[in-house]
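Provide a 3D model corresponding to the input given below.
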Amino acid sequence: FIDDSVKGNIGVKVHFGEEGNQNFLNPELIKELVVSLDAVLVETNVLYKSKRQKTDTHIALAKEHGFTFADIDIMDSEGTKIIEENNGKYFKDIKVGNHIDDYDYFVIYSHFKGHGSAGFGGAIKNVAMGFGTPDAKKDMHSAFLPVTVPENCIECGRCSKNCPADAITLNPVEIDPAKCIGCGECISECPVDAIVNPTRNQSRIVFLEKLVEYAKVISEYKPMVYINVL
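Predicted structure coming up:
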């Protein structure tokens, strides 16, 4: 399936899945390939509160979900690598996990699916967000910060309860921009349009462009091959 050019130290970029969520690719689908390449499963930590925010619980969750057949490397667990982007529209520095330099080649294993902020998620998002540090993730999401319409709020609490960054307070409904990670979860949860993005189309374009810029720089930094699963 993969030719002899994929050699050396190989990292297979996967998504280990969220706690309580089964919408991640079955690890058995990739097991034979990973073992045959003697590869390492790689990821980075996330920005929001979850087991995937800290390295030890991230690895433990991965194992709970069946990723037990290879070593696991959370690439930002020991710091950040800066890749300079001299011609970038949005970024001068691309922030990735510093373990990226431990690998000669990457296999990008992506689940193509719908995504609340990007419209669709796939290989571009898997590289951009998947190699980026939490600070990088926040930089990419910064175009997508929602705004509140307090007069619409019925104080049901769904937004604050489901906010992964604890950025929302009620009465009146307010979002702390210093905490908000731009995930859009509150927009999805609100039943009365008390939290919206009035420039949704433009902010989505900026978000997508930021993903592409990150993915372009990272994919040019290290050779990669892509497996996409629909």
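
from residue 194, how far off is the residue minimising distance to the centre of the chain?
Among the residues of the chain, the one closest to the centroid is residue 129, at 3.7 Å (CA atoms, centre = their mean). According to CB to CB, to the nearest Å, residue 129 stands 28 Å off from residue 194. Any C-beta I mention is one placed from the backbone N, CA and C, and that applies to glycine too.

where do the strands sit along this protein?
Listed from the start of the chain, the chain has strands (DSSP state E) covering 10-13, 40-43, 72-74, 80-84, 93-97, 105-111, 113-115, 119-121, 147-148, 168-169, 174-175, 195-196, 224-229.

for the fourth one, which outside residues touch it?
The contact list for strand 80-84 (CB atoms under 8 Å, 6 or more residues apart in numbering) reads 92-98, 100-101, 133, 135, 217-218, 221.

swap in the third one?
Applying CB under 8 Å, 6+ apart, the set of residues contacting strand 72-74 from outside is 11, 40-45, 55, 58-59, 62-63, 97, 99, 102.

could you report the neighbour count for residue 68?
Neighbours of residue 68 under the rule other CB atoms under 10 Å: 12.

mind checking how far the most far-flung residue of the chain relative to its centre is from residue 176?
Among the C-alpha atoms of the chain, the one farthest from their average position, using CA atoms, centre = their mean, is that of residue 151, at 33.0 Å. Counting by CB to CB, the gap between residue 151 and residue 176 amounts to 20 Å.

sorry, back to before: how about the strands of the chain in a markdown table, adding distance to residue 140 and mean pLDDT?
Conversion of these to a markdown table gives the following (distance: least, CB to CB, whole Å; pLDDT from 0 to 100):
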| stretch | distance to residue 140 | mean pLDDT |
| --- | --- | --- |
| strand 10-13 | 16 | 98 |
| strand 40-43 | 16 | 98 |
| strand 72-74 | 19 | 98 |
| strand 80-84 | 14 | 96 |
| strand 93-97 | 10 | 97 |
| strand 105-111 | 17 | 96 |
| strand 113-115 | 13 | 81 |
| strand 119-121 | 13 | 83 |
| strand 147-148 | 19 | 88 |
| strand 168-169 | 21 | 96 |
| strand 174-175 | 18 | 94 |
| strand 195-196 | 20 | 90 |
| strand 224-229 | 19 | 94 |
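
can you list these in JSON lines and add distance to residue 161 and mean neighbour count?
Formatted as JSON lines, those follow (distance: least, CB to CB, whole Å; neighbours: other CB atoms under 10 Å):
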{"stretch": "strand 10-13", "distance to residue 161": "32", "mean neighbour count": "22"}
{"stretch": "strand 40-43", "distance to residue 161": "27", "mean neighbour count": "23"}
{"stretch": "strand 72-74", "distance to residue 161": "28", "mean neighbour count": "20"}
{"stretch": "strand 80-84", "distance to residue 161": "32", "mean neighbour count": "15"}
{"stretch": "strand 93-97", "distance to residue 161": "31", "mean neighbour count": "23"}
{"stretch": "strand 105-111", "distance to residue 161": "27", "mean neighbour count": "22"}
{"stretch": "strand 113-115", "distance to residue 161": "22", "mean neighbour count": "11"}
{"stretch": "strand 119-121", "distance to residue 161": "24", "mean neighbour count": "13"}
{"stretch": "strand 147-148", "distance to residue 161": "16", "mean neighbour count": "15"}
{"stretch": "strand 168-169", "distance to residue 161": "9", "mean neighbour count": "19"}
{"stretch": "strand 174-175", "distance to residue 161": "14", "mean neighbour count": "17"}
{"stretch": "strand 195-196", "distance to residue 161": "13", "mean neighbour count": "20"}
{"stretch": "strand 224-229", "distance to residue 161": "32", "mean neighbour count": "15"}
